[in-house]
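A.B. asks: Show me the folded form of this:
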Amino acid sequence: MAVDLADVAKRQKIKYFLISFVDLFGVLRSKLVPARAISDMQKEGAGFAGFAAWLDMTPAHPDMFAIPDSGSLIQLPWQREVGWLAGDLWMDGAPVQQAPRVALKRQIESAATAGFRMKSGVECEYFLISADGSGISDSRDTQTKPCYDQSALMRRYDVISEICDSMIELGWNPYQNDHEDANGQFEMNWDYADCLVTADRHTFFKFMVKAIAEKHGFRATFMPKPFANLTGNGCHAHVSMWNMSGRRNLFNDSKGDLGLSKLAYDFLGGIIHSADSLAALFNPSVNSYKRLDAPITRSGATWSPNAITYGGNNRTHMVRIPDKGRFELRLMDGSANPYLLQAGILAAGLDGIANTRDPGRRLDVNMYEEGHRLRGVRRLPLNLLDAVRLFDKSKVLRTAFGDELVGAYVKLKLDQWREYTGTLSQWELDNTLDC
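C.D. replies: Below is the predicted model of the structure:
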């Protein structure tokens with residue numbers, strides 16, 4: 001139910017609102033609106049030129065309006081006079097179909113029509129690096145296996161605790177913070193929720209981590225592979241499907257294999273079926289493919305998948321079943337668009353349910369050691385170009401997202417790929433200058 005944002009501003013002493021949207025490249029765009037104008041903005045939206053963001057539009061397109069979702073309001077814990085709002089994009093009286101949040105809401109509506117409600121949580125890994133981006137922020141963080149290193153964690157206590165305290169204040173129920181597998185890398189976990197809430201919080205979390213890191217003189221990056229010799233930034237998603245009341249987990253079946261229901265395995269079948277096409281959404285940057293199937297890192301393992309497989313409580317697979325009633329999807333990385341991440345999972349899962357797709361045999365092997373010996377196992381795309389082409393050809397995802405979003409995404413990503421291939425790298429100079 002919508003609330004009157006002008007009344008909220010008076011009660012909570014909010015002076016300004018950030019009305020925001022996320023474009024196709026995951027960039028957070030906003031207008032800063034004074035509280036005196038929020039009533040009009042709540043009705044009519046904040047105006048934007050679509051061509052100025054990563055959307056497939058031209059300067060000739062009419063104004064695009066971000067209508068704020070009052071239920072998404074987050075008051076900045078470190079700057080309480082500012083409130084943040086997620087907006088849905090409209091143009092000429094209709095939702096903008098290529099807008100990521102609109103796309104997720106369409107998938108949520110499709111799920112609701114079938115009697116389902118997806119809940120999810122995300123594990124957002126990030127590096128704290130120097131302000132100039134030249135290296136990690138802690139010169140003493142040098143262990144070969146730095147994961148869970150208490151001393152390195154506590155040397156960044158001021159930053160980590162401020163982020164965690166902010167999440168507590170916001171009611172996200174964070175429950176653990178840790179130093180991750182790479183030097184300078186951290187992860188913070190909070191409660192799962194309905195997938196739209198999780199996407200909004202994921203979007204805000206990235207903004208919050210960067211803002212608080214800057215306050216402390218550092219820089220935070222969610223880049224998939226910022227350092228060649230270190231583990232990359234994943235963004236694992238934990239997923240379950242519930243009834244419409246949200247009280248019964250439909251993936252939970254004590255008699256099912258590993259505590260999962262037939263519905264859960266159909267959903268998983270959809271994920272497995274479309275995984276190579278989903279890589280364009282889950283791994284959307286050129287840099288993403290330096291994390292996937294990467295050489296062994298300094299710590300001894302990349303912790304990223306190298307094939308389209310699933311297993312039990314086994315982190316070498318693309319999908320892990322850590323407990324009854326849920327999946328952990330390990331393909332996504334830190335550059336994934338929070339809304340397209342959730343929309344991609346839901347679209348593929350609903351296709352799996354509708355078509356009772358078989359996920360195939362569970363593999364109880366160490367994929368890092370034995371994966372290369374397995375026959376018939378599908379591999380993930382090796383680069384962004386291959387991934388985008390697979391996304392473009394996917395009948396499942398084109399049906400779910402529509403031609404406008406798929407066409408816009410493919411066009412912009414191919415432009416990005418051409419820009420990348422037009423650059424001259426140091427590797428080329430080192431290896432071909434004297435050919």
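
A.B. asks: which ones are touching residue 3?
C.D. replies: Residue 3 makes contact with 70-71, 73, according to CB atoms under 8 Å, 6 or more residues apart in numbering. Where you see a C-beta, it was placed from the backbone N, CA and C, and this is true even at glycine.

A.B. asks: top of those residues by neighbour count?
C.D. replies: Most neighbours among those, by other CB atoms under 10 Å: residue 73, with 19 neighbours.

A.B. asks: Assess the claim that that one and residue 87 are in contact.
C.D. replies: No - with contacts counted by CB atoms under 8 Å, residue 73 stays clear of residue 87, the gap being 11.4 Å.

A.B. asks: residues contacting the closest residue to residue 115 other than its chain neighbours?
C.D. replies: Once flanking residues are discounted, residue 115 sits nearest to residue 244: 6.0 Å by CB to CB, 6 or more residues apart in numbering. Shown in contact with residue 244 (CB under 8 Å, 6+ apart): 112, 115-117.

A.B. asks: which among the residues you listed gets closest to residue 351?
C.D. replies: Checking the contacts of residue 244 against residue 351 by CB to CB gives residue 116 as the nearest, at 12.6 Å.

A.B. asks: picking up where we left off before, model confidence for the residue nearest to residue 115, exactly?
C.D. replies: Listed pLDDT for residue 244 reads 97.

A.B. asks: can you check residue 136 too?
C.D. replies: 98.

A.B. asks: what do you get for residue 1?
C.D. replies: For residue 1, pLDDT reads 67.

A.B. asks: Can you list the residue ranges for strands in the stretch 51-200 of the chain?
C.D. replies: Assigned by DSSP state E, counting those that start in this stretch, the stretch 51-200 of the chain shows strands spanning 64-68, 74-75, 82-91, 94-95, 117-130, 174-179, 185-190, 193-194.

A.B. asks: Pipe those into TSV and attach distance to residue 323 and mean pLDDT per row.
C.D. replies: Compiled in TSV, these are given as follows (distance: least, CB to CB, whole Å; pLDDT from 0 to 100):
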stretch	distance to residue 323	mean pLDDT
strand 64-68	37	98
strand 74-75	29	98
strand 82-91	30	98
strand 94-95	37	98
strand 117-130	13	98
strand 174-179	15	98
strand 185-190	14	98
strand 193-194	18	98
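
A.B. asks: What about the nearest residue to residue 169 once chain neighbours are set aside, how many residues nearby?
C.D. replies: Ranked by CB to CB, 6+ apart and with sequence neighbours excluded, the top spatial neighbour of residue 169 is residue 77, at 4.9 Å. Using other CB under 10 Å, residue 77 has 16 other residues around it.

A.B. asks: could you point out which element follows the lengthiest helix in the chain?
C.D. replies: For the chain, the helix that runs over the most residues, judged by DSSP state H, is helix 395-421. Downstream of helix 395-421, the next assigned helix or strand under DSSP states H and E is helix 426-432.

A.B. asks: Off-centre distance for that next one?
C.D. replies: On the basis of CA atoms, centre = their mean, to the nearest Å, helix 426-432 sits 34 Å off its chain's mean C-alpha point.

A.B. asks: Pull out the buried positions in that helix.
C.D. replies: Residues of helix 426-432 include none that count as buried (16 or more other CB atoms under 10 Å).

A.B. asks: Ok, stretch 202-212 next?
C.D. replies: Result for stretch 202-212 [16+ other CB under 10 Å]: buried residues 202-210, 212.

A.B. asks: centre of the chain versus that stretch, how much separation?
C.D. replies: Using CA atoms, centre = their mean, the offset of stretch 202-212 from its chain centre is 13 Å.

A.B. asks: now what about it, what contacts it?
C.D. replies: Here stretch 202-212 makes contact (CB under 8 Å, 6+ apart) with 20, 22, 28, 74, 76-78, 84, 86, 122, 124, 126, 159, 162-163, 166-167, 188, 219-220, 222, 235, 338-339, 341.

A.B. asks: Mean confidence (pLDDT) on that stretch, please.
C.D. replies: Mean pLDDT, computed over stretch 202-212, is 98.

A.B. asks: Dump the contacts of residue 3 to TSV, plus distance to residue 423.
C.D. replies: Output for the contacts of residue 3, formatted as TSV (distance: CB to CB, whole Å):
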residue	distance to residue 423
70	44
71	43
73	41
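
A.B. asks: which of those lies closest to residue 12?
C.D. replies: Nearest to residue 12 among the contacts of residue 3, with distances taken as CB to CB, is residue 73, at 9.0 Å.

A.B. asks: what's the spacing between that closest one and residue 3?
C.D. replies: Using CB to CB, to the nearest Å, we find residue 73 at a distance of 8 Å from residue 3.

A.B. asks: got it, and residue 55?
C.D. replies: Distance, residue 55 to residue 3, by CB to CB: 29 Å.

A.B. asks: For residue 224, grab the count of nearby residues.
C.D. replies: 27.

A.B. asks: State the pLDDT value of the residue lying closest to it once chain neighbours are set aside.
C.D. replies: Leaving out its chain neighbours, the residue that sits closest to residue 224 by CB to CB, 6+ apart is residue 333, at 3.9 Å. For residue 333, the pLDDT comes out at 98.

A.B. asks: do residue 341 as well
C.D. replies: pLDDT, residue 341: 98.

A.B. asks: For it, what are phi and psi?
C.D. replies: Main-chain dihedrals, residue 341, degrees, to the nearest 10: phi -60, psi -50.

A.B. asks: What residues of the helix or strand bottoming out on mean pLDDT in the chain count as buried?
C.D. replies: Ranked by mean pLDDT, DSSP states H and E, the weakest helix or strand in the chain is helix 367-370, scoring a mean of 94. Across helix 367-370, burial judged by 16+ other CB under 10 Å covers 367-368.
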